[in-house]
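*Asks:* A predicted structure for the sequence below; I have some questions about it.
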Amino acid sequence: MNNKSSDTRNLLVTLTLSMLIIMFWQYYVEAPQRKAQMLAQQARANAQVQIKHEQEKEEAQLPQTREQWLAQSPRVLINSSNLHGSVALKGLRFDDLTLARYHEALNPNSPEVVLFSPAGMVGGYFAAFGWTSDDVALKLPGDDTLWSADGKELTPEHPVTFSWKNPDGVVFRARVALDDKYMFTVAQSVEAKSPLTLHSYGYINRVFDTKTYPGTGIMHEGPLGVFDGTLNETAYKKLAGGSEQTFDTPSGGWLGISDKYWLAAIIPPNEPFNSHFSYYTSKGRDHFQTDYLSQPQTQSTIHFFAGAKELAVLDAYAAQYQIPLFDRAVDFGMFYFLTKPIFLTLNYFHKLVGNFGIAILLLTVIIKLIMFPLAHTSFRSMHQMKTLQPKINDIRERTKDDKIKMNQEIMELYKREKINPASGCLPIFIQIPVFFALYKVLYVTIEMRHAPFYGWIHDLSAADPTNLFTLFGLINWSPPSFLHLGVWPLVMCATMVIQQHQSPPPPDPAQAKMMKMLPFIFLFVFSSMPAGLVIYWCWSNTFTILQQWYIMTAHKKSQAQK
């Protein structure tokens, strides 16, 4: 009994001491820690609020409009028939450029296309040129340097010379000239009492949001250049992923950043230079840069292109300044040997008739005439297959339980009649590269942008704006994009159906059903294609129908004479 009382007393003492220890720990250890954590959290919250307020205050103090950003530096105006803008005297930056002959929309009163913008803006895009040296004591012009100019406006008739003198009396000059298109010539020089070892440089820097950029497999947009006779293209996302690149060029080349229709490119002197494609982030924004560095020198003359990728202009510059592969700034793709000639042909016809849509129709006629002998052989073979269709059906019926025997007998029939069943597909296979080449031309060439046809087609490079599901504008509603069926895609579908009725069906019933569905599949696929491409396909089908009718009529006459 005493032992039990002793055990009970010990248990109570143990529990009491444990409770006291727990209470002591909670009150003197955990409570202060929790209080300190709460205070730290509150302090962090207050700090975050303060930082947010400071950021908002800083952003509120930043310029809010393009005009306010441009007002951050004194400027020399740029004025020509093709370019409008200004050069910032602070840092000697080309950061304000619009294209005078190109507008954001079809309306000629819409804003001019903006190419360059100041660095601090969301769409900052600019170019700069200068000097670097291994001598850290030498004061060189930089981003904050305020240059002086001997003129207020840069025009094709009036170049401007910019100058700056450092504290040691070294004078840096840059004479900038502009031609009547898109090429600047920047002649830099340095005057010093003692010899200096300097390297000239130039760079193009762009703020570009890769998160919202969908990208495209049709063409290249982003950094590119020609080094040692080879075109190098680097996608924005690849560069942002860590694929920075450096190139050493023995002589000749260029580098820049390309858009679908626009290009900014530096053409260094025809001498060895080093170039670099790089990426970095600043204030939460993605920056992409292409730059070059020269060999040691104190005088340098570079050319700087900023404008529309007009092929005739690019070719002329390539010849004038010996710029290798400058026309490759237009992404003609893997069928370059077809795409460029097709464009040149279209451009020639456009000069004759004044309309790219008519030029496409004339090009189609030429392609069809060139392919006529092959098409004649193909159509004759298809007509022969059509006459054999009853015999083929008989073989299928007799051997429907033995597929191997069926195919063997059909092939033997083809051999006896000297018919190649694949010959009917040959013109289509030949036409596919032409089709893709024309698609490239319509999609990437600036000459096709906003090029009108007739009627409701005001832009051959855009999809047909009419829609069956709005009764072609009678019903005021916006159907989903997959329900966009314009007039020209419907005409194209109709021509494909007519063409199919002229041709014998494929021997395989499953293939025949698939072929019957093909015009309607193409209808939806082509509804979002450039209108110029659909017009080409419609006219090509129409021409094919006429060719088939002519060949079939001639064949019937020859059979009747026999």
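*Replies:* It's in.

*Asks:* any idea how the protein splits into domains?
*Replies:* 76-330, 338-561 (automatic domain parsing).

*Asks:* Out of the ones you listed, which is closest to residue 66?
*Replies:* domain 76-330 (6.7 Å; CB to CB). Every C-beta, even on glycine, is put in place using the N, C-alpha and C of the backbone.

*Asks:* now the domains of the chain as a markdown table including mean pLDDT, mean neighbour count and distance to residue 68?
*Replies:* Below are those laid out as a markdown table (pLDDT from 0 to 100; neighbours: other CB atoms under 10 Å; distance: least, CB to CB, whole Å):
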| stretch | mean pLDDT | mean neighbour count | distance to residue 68 |
| --- | --- | --- | --- |
| domain 76-330 | 92 | 17 | 10 |
| domain 338-561 | 81 | 16 | 31 |
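
*Asks:* of the ones you listed, which approaches residue 63 most closely?
*Replies:* Once the domains of the chain are compared by CB to CB, domain 76-330 is nearest, at 7.2 Å.

*Asks:* Residue 485 contacts residue 522, doesn't it?
*Replies:* No - under the criterion of CB atoms under 8 Å, residue 485 makes no contact with residue 522, lying 11.5 Å away.

*Asks:* Bridged to the closest residue to residue 197 other than its chain neighbours, which residues?
*Replies:* In this structure, residue 197 finds its nearest non-sequential neighbour in residue 296, 5.2 Å apart by CB to CB, 6 or more residues apart in numbering. Per DSSP bridges, residues listed as beta-bridge partners of residue 296: residue 199.

*Asks:* quick one: contacts for residue 296?
*Replies:* Neighbouring residues of residue 296 by CB atoms under 8 Å, 6 or more residues apart in numbering: 197-199.

*Asks:* Quick check: of those, which lies closest to residue 324?
*Replies:* Nearest to residue 324 among the contacts of residue 296, with distances taken as CB to CB, is residue 199, at 22.7 Å.

*Asks:* ok, the residue nearest to the spatial centre of the chain to residue 451 distance?
*Replies:* A centroid search over the chain (CA atoms, centre = their mean) returns residue 221, at 3.7 Å, as the residue closest to the centre. Distance, residue 221 to residue 451, using CB to CB, to the nearest Å: 21 Å.

*Asks:* same thing with residue 523?
*Replies:* 24 Å.

*Asks:* can you give me the strands for the stretch 101-250 of the chain?
*Replies:* Counting by DSSP state E, counting those that start in this stretch, residue ranges of the strands within the stretch 101-250 of the chain are 112-116, 125-132, 148-149, 153-154, 160-165, 171-178, 183-191, 199-207, 222-227, 230-233, 245-249.

*Asks:* Looking at these, which is nearest to residue 361?
*Replies:* So among the strands of the stretch 101-250 of the chain, strand 112-116 is nearest, using CB to CB, at 29.4 Å.

*Asks:* between the closest one and strand 199-207, what angle do the directions make?
*Replies:* Using axes from the mean of the first three to the mean of the last three CA atoms, to 10 degrees, the direction of strand 112-116 lies 130 degrees away from that of strand 199-207.

*Asks:* what lines up beside strand 112-116 in the sheet?
*Replies:* strand 93-103 (antiparallel).

*Asks:* Just the CA coordinates for the partner strand, please, in CSV.
*Replies:* Output in CSV follows, covering the C-alpha atoms of strand 93-103 (Å, rounded to 0.1, in the frame of the first residue of the first chain):
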residue,chain,number,x,y,z
ARG,A,93,22.0,56.6,-79.5
PHE,A,94,19.8,55.8,-82.5
ASP,A,95,16.7,55.2,-80.4
ASP,A,96,13.9,56.9,-82.2
LEU,A,97,13.0,55.8,-85.7
THR,A,98,9.7,55.3,-87.6
LEU,A,99,9.2,54.2,-91.2
ALA,A,100,7.6,57.0,-93.2
ARG,A,101,6.1,54.9,-95.9
TYR,A,102,4.7,52.0,-93.8
HIS,A,103,1.8,52.3,-91.4
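
*Asks:* what comes into contact with stretch 533-546?
*Replies:* 357, 360-361, 363-365, 367-368, 375, 431, 435, 438-439, 442, 453, 457, 460, 464, 486, 488-489, 491-492, 495-496, 498-499, 502, 526.

*Asks:* ok, 6 Å please
*Replies:* Under the contact criterion CB atoms under 6 Å, 6 or more residues apart in numbering, stretch 533-546 has outside partners 360-361, 364, 368, 438-439, 442, 488-489, 491-492, 495-496, 498-499, 526.

*Asks:* do stretch 322-338 as well
*Replies:* 219-220, 226, 229, 231, 252, 254, 258, 263, 267, 309, 311, 314-315, 317-318, 339-340, 433, 437, 440, 444.

*Asks:* List the ones among those that fall in strands.
*Replies:* 226, 231, 254, 258, 263, 267 (DSSP state E).

*Asks:* so what's the fourth one closest to, chain neighbours aside?
*Replies:* What it means is residue 258. Using CB to CB, 6+ apart, the closest residue to residue 258 is residue 224 (5.3 Å).

*Asks:* For the one you found, which residues count as its bridge partners?
*Replies:* The partner residues for residue 224, given DSSP bridges, come to residue 233, residue 256.

*Asks:* in terms of contact, does it touch residue 259 like I think?
*Replies:* No - the criterion here is CB atoms under 6 Å, and residue 224 misses it with residue 259 at 10.8 Å.

*Asks:* Which among the strands of the stretch 101-250 of the chain is found nearest to residue 552?
*Replies:* Short answer: strand 230-233, nearest of the strands of the stretch 101-250 of the chain by CB to CB, at 47.8 Å.

*Asks:* Check which helices and strands the closest one sits against.
*Replies:* Helices and strands touching strand 230-233, by 3 or more CB pairs under 6 Å, 6 or more residues apart in numbering; DSSP states H and E: there are none.

*Asks:* what do you get if the cut-off is 8 Å, keeping everything else the same?
*Replies:* strand 222-227 (3 or more CB pairs under 8 Å, 6 or more residues apart in numbering; DSSP states H and E).
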